[in-house]
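Asks: model this:
(4 chains)
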Protein chains: 2
Amino acid sequence: MAGIRQLAERLDISIGTVSRALNNKPDVKKETRERVLKMALEMGYRPNQMGRALRRGSTNTIGFVMEIGNPSALGGDNFFMGLLDSVQEVLAKSGFDLVLLPCRSADDPIEFLQRQIARGVADALVISATRRHDPRIELLLKTGTPFLALGRSETKGDYPWIDLDFEGVAGQSVRRLAAMGHNRIAIAMPRRSVNLAHLFLQGYRSAVADLGLDPDPDLVQRVSSSENGGMALANRLMSLDIPPTAVILAHELMASGLYDGLQQGGLRPGHDMSIIGFRQNPQLRYLRPSLACHALSLQALGQAVGRRVLALVDPPESDPPSPLVWEMDYIEGDSVRPLIPVA
Amino acid sequence: MAGIRQLAERLDISIGTVSRALNNKPDVKKETRERVLKMALEMGYRPNQMGRALRRGSTNTIGFVMEIGNPSALGGDNFFMGLLDSVQEVLAKSGFDLVLLPCRSADDPIEFLQRQIARGVADALVISATRRHDPRIELLLKTGTPFLALGRSETKGDYPWIDLDFEGVAGQSVRRLAAMGHNRIAIAMPRRSVNLAHLFLQGYRSAVADLGLDPDPDLVQRVSSSENGGMALANRLMSLDIPPTAVILAHELMASGLYDGLQQGGLRPGHDMSIIGFRQNPQLRYLRPSLACHALSLQALGQAVGRRVLALVDPPESDPPSPLVWEMDYIEGDSVRPLIPVA
DNA sequence: CTGTTAGCGCGTTCAC
DNA sequence: GTGAACGCGCTAACAG
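Replies: Numbering: from 1, shown residues only, chains lettered A, B, ... in the order given. Predicted structure coming up:
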C-alpha cells in the first residue's frame, strides 16, 4: 500500500512524472510510463483518493441517500437492492464508485444531507422517497450539489428526476376494475407527504371521476407500506358500512397482510375483494391467489438511473437529464375478478 | 456552505485560531471561541472532510461492506436494514458516520476492498458474509485496516468478529425435533464456502451423531437462501426414497417457498413435515402454519456491532474486541409437531 | 519529454 | 492567546 512518493523514489524519477504516467497524460515517454505502471503493480500502489479528491475537487463517487428504518425497508422491500445492482454496474464502467448513505428516519434529513455534502464524499447524490414538498431538493439546489431525484416533487426548480408512473398505474387499475363491474373501488397508500401517495391518489381520483364511480372518501385509506399496513387495511375496509369490492395498493408489500386480514374476517381475496398490487415483487411470487400487479425491470431502471447521474458529472454526452416517467406493464393475477361472474 | 478560510476572514482572525476554536483546543480565549462558534453557525460552516481527513489521516467514518445482488438480498432479507439502523445510532453518538459500500457479487471482492481501503473512505470496515476461507480477511490484516467481521471464518489471525450461533441453533433444533420422535431430519443451507453453512452443518452433524439419528447424506441439502431455494428444497426432499419428517433451515426466507412446494406436492407443512426456520423475520409473520424459528434483537446486535467497531478506532474504553457468539432464543410455532401425535 | 512548484482545505507546531 | 508557516498526497501549470 505505497504512495506516489515511494513509487517515485524507487524509480528515481519525480513524482510529477509518475502522476502523469499513472493518469495517462500524453507528455510521457512510452518506456517511462511502462516502467511506472510495472512498478506500481509490483508495489501494490493505490492512489490515495483523499489527496486526489482534495486536489481535483471530485471523488469519482456517487452517493445514494437511502432511508433505513422505515416500514417497507424493514418489511423486506427489495426495490433498492435490485436497483443498486445495475446502478453500480453502469457507474463501474465509467470508473465511478457507489456509496450508500443511510439516513435514519429519526435523523434530520437536512442536517444529514449537509454533512454529506460537506464531507465531499460524492460528486453527485441520488435521493429517493421524495416528499411532495421536499426541503432536501431546495438545499441541494441552493448549494449547487448535482443530484438526481428518484421520485418527483412539487418543489420547484430545474433538476433531473426519474419516477415510476404512479398516476398511470392508479388510473389504469381503476379503469380495469371498473370494466369488470366494480363500482366501489378503494385505494391504499402511505401518508400524504410522500409524493408518490399524492400522485397515486391523483390518478385514482381522476379516473373515478371520469367513470362516475363512487367517490366515497372512506375508500381512500392511508396505511404503512408493509404487511402490517395491509392487515390494518383489511380491518378498516371490512368495517365500512358498505365494504368496497376492489382495492388498489400503492405498495405490494401490503398484499400479504391484506390477504390474511381478509381471510381472518371470512373474506376470500380475489373472490370477495379484487386486489391490484403495485410492483411485481419476487417475494410475493408464491402468494395465492396470485397478485395482479405491474412489472418493472429493476435492471433497466437502474441503468437509467446510473446513466443519468453520470450525465451530471461526466461530460454530458448528449444525454439530456430530462424528467422521466417510468412506465409499468400490467400483469394479470387471480386476485382480480369480475364483480358479477359471467358464468 | 463556507470553509474555514471565509470564516477566518469574516472574523478577521487567523485560520489557525479558528481551527483551534472549532476543535476545542485549550489555547484559545473563551470569548474568541464563542465568537467563532457563533459565526460558524451563522455562516453554516461545514468543515471539508477531505482536507480534514488528509491532514488527520482519519475520516470519522465507518464503512460497511455489503453484498448486493445475492438471492437473499433480492428476496427481501431485512437483516441488514434492521441492523444498520442501530449501528448508525451508536456511531452517531460518537460522531461517526456510516457509509454502505455495496459490492456486487459479480465484482472481485479483493479488488473492491483494495479500492475502498485506498479511497480512505473509512477508518474501519465491517465485512459480512464471511467465507470459510476468506481472502478479504487476509488482505485487511496485511494492510493493517481495522475491521470487524460479521461472521466467523477459518482464516487465521487476530481480529474481532461477531457471529450468530449457527452451531447452537442447528444442534438445538435437531435435539428438539428428535425429542418429538423425528429420526430422519433434513437440513438446508447455502453452498459450503459460506462459513455459516459450515457451522450450521457442524452443529447438525454433531447432534445427529450424538443422538444416533439417521445420518443419510441425502438429508443435507444445498439451496439458495431464498423463496426459490425453498421451493427447490421441497422438490428435492419429496423426491427422496424416504422423505424426511422434519427439516431445519439455515435461512428463514426458504420457508415460504418450502411451504408452497410441499403443498403443491400434497404435503402439509407442520403436519407431514416439521420445519424450523432460522431467524424470526417480521416478513414471515403471517405465514401459516406459523414458523418455528429463533428470535434475535437486531437492535441489540446492531449496538454490539457499533460498539465493537468503534472500539477499533476510538480510545478502546475497556471494551476488548473479543469474539462474540450471539445466542438466539427458540420461538415455538405450528410448523413443528411430534412425529406420532399423542392424541 | 521531465523536474519543479504551487496549491486543494485543513490541523498543528513553533514562534511571537 | 494568537498568527504564520508547514505538510498530509496528489494533480496541474509552468519551466527547462
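Asks: where does the residue in the stretch 151-300 of chain A that DNA strand D sits nearest to land on pLDDT?
Replies: Closest to DNA strand D within the stretch 151-300 of chain A is residue A:160: 25.9 Å, counting by CB to the nearest atom of the strand. C-beta coordinates here come from the backbone N, C-alpha and C atoms, glycine included. Here, the pLDDT recorded for residue A:160 equals 94.
Asks: same check on the one 10 residues further on?
Replies: The per-residue pLDDT reported for residue A:170 equals 98.
Asks: same question for residue A:275.
Replies: pLDDT, read off for residue A:275, is 98.
Asks: now it: closest residue in space, sequence neighbours ignored.
Replies: residue A:335 (4.2 Å; CB to CB, 6 or more residues apart in numbering or on different chains).
Asks: got the confidence number for the one you found?
Replies: Looking at residue A:335, its pLDDT reads 98.
Asks: quick one: the worst-scoring helix or strand of chain A on mean pLDDT to chain centroid distance?
Replies: Ranked by mean pLDDT, DSSP states H and E, the weakest helix or strand in chain A is helix A:71-74, scoring a mean of 76. Put simply, helix A:71-74 sits 13 Å off its chain's centre (CA atoms, centre = their mean, to the nearest Å).
Asks: ok, then the element right after that helix?
Replies: Later in the chain than helix A:71-74, the nearest helix or strand by DSSP states H and E is helix A:79-93.
Asks: which elements pack onto the helix or strand just after that next one?
Replies: Next helix or strand after helix A:79-93 toward the C-terminus (DSSP H and E): strand A:97-104. If you count contacts as 3 or more CB pairs under 8 Å, 6 or more residues apart in numbering or on different chains; DSSP states H and E, strand A:97-104 packs onto strand A:61-68, helix A:79-93, helix A:109-119, helix B:79-93, strand B:97-104.
Asks: on that earlier part again, mind checking what secondary structure the residue nearest to residue A:275 has?
Replies: Classification of residue A:335 by DSSP: H, G, I helix; E, B strand; the rest coil places it in coil.
Asks: my read: residue A:146 touches residue A:127, true?
Replies: No. Counting by CB atoms under 8 Å, residue A:127 is not a contact partner of residue A:146; they are 11.5 Å apart.
Asks: isn't the residue of the stretch 151-300 of chain A closest to DNA strand D right up against residue A:308?
Replies: Yes. Residue A:160 lies in contact with residue A:308 (CB under 8 Å); the separation is 5.8 Å.
Asks: residues from the stretch 151-300 of chain A in reach of chain B?
Replies: By the rule CB under 8 Å from any CB of the partner chain, the part of the stretch 151-300 of chain A lying against chain B is A:227, A:231, A:256, A:257, A:259, A:260, A:281, A:282, A:283, A:285, A:286, A:288.
Asks: please redo it, this time with the cut-off set to 7 Å
Replies: Counting by CB under 7 Å from any CB of the partner chain, the residues of the stretch 151-300 of chain A lying close to chain B are A:227, A:256, A:257, A:260, A:282, A:283, A:285, A:286.
Asks: what does the pLDDT read for the fifth one?
Replies: On pLDDT, residue A:282 comes in at 85.
Asks: which residues touch it?
Replies: B:74, B:75 (CB atoms under 7 Å, 6 or more residues apart in numbering or on different chains).
Asks: mind running it again at 8 Å?
Replies: A:78, B:74, B:75, B:76, B:227, B:228 (CB atoms under 8 Å, 6 or more residues apart in numbering or on different chains).
Asks: what does the residue in chain A positioned nearest to DNA strand C show for phi and psi?
Replies: Per CB to the nearest atom of the strand, residue A:16 is where chain A lies closest to DNA strand C, at 2.8 Å. The phi/psi pair for residue A:16 (degrees, to the nearest 10) reads phi -60, psi -50.
Asks: thought residue A:128 was touching residue A:152?
Replies: No. Look at residue A:128 against residue A:152 with CB under 8 Å: they stay out of range, at 11.5 Å.
Asks: those two - which one has more neighbours?
Replies: Just comparing residue A:128 and residue A:152: by other CB atoms under 10 Å in any protein chain shown the higher neighbour count belongs to residue A:152, 21 against 17.
Asks: so the more buried one is in contact with residue A:164, correct?
Replies: No. Between residue A:152 and residue A:164 there is no contact, the gap being 9.6 Å when judged by CB under 8 Å.
Asks: do a quick rundown of the strands in chain A.
Replies: For chain A, the strands defined by DSSP state E cover A:61-68, A:97-104, A:124-128, A:147-150, A:161-164, A:185-189, A:220-222, A:246-249, A:274-279, A:292-295, A:324-326, A:329-331.
Asks: could you dump those to JSON lines with distance to DNA strand C?
Replies: Supplementary listing: those in JSON lines, determined by distance: least, CB to the nearest atom of the strand, whole Å:
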{"stretch": "strand A:61-68", "distance to DNA strand C": "17"}
{"stretch": "strand A:97-104", "distance to DNA strand C": "19"}
{"stretch": "strand A:124-128", "distance to DNA strand C": "18"}
{"stretch": "strand A:147-150", "distance to DNA strand C": "20"}
{"stretch": "strand A:161-164", "distance to DNA strand C": "29"}
{"stretch": "strand A:185-189", "distance to DNA strand C": "42"}
{"stretch": "strand A:220-222", "distance to DNA strand C": "43"}
{"stretch": "strand A:246-249", "distance to DNA strand C": "47"}
{"stretch": "strand A:274-279", "distance to DNA strand C": "42"}
{"stretch": "strand A:292-295", "distance to DNA strand C": "46"}
{"stretch": "strand A:324-326", "distance to DNA strand C": "33"}
{"stretch": "strand A:329-331", "distance to DNA strand C": "48"}
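Asks: save those as TSV, and put in distance to residue B:300 too.
Replies: Putting these into TSV (distance: least, CB to CB, whole Å) gives the following:
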stretch	distance to residue B:300
strand A:61-68	17
strand A:97-104	17
strand A:124-128	29
strand A:147-150	32
strand A:161-164	36
strand A:185-189	33
strand A:220-222	32
strand A:246-249	33
strand A:274-279	33
strand A:292-295	36
strand A:324-326	39
strand A:329-331	40
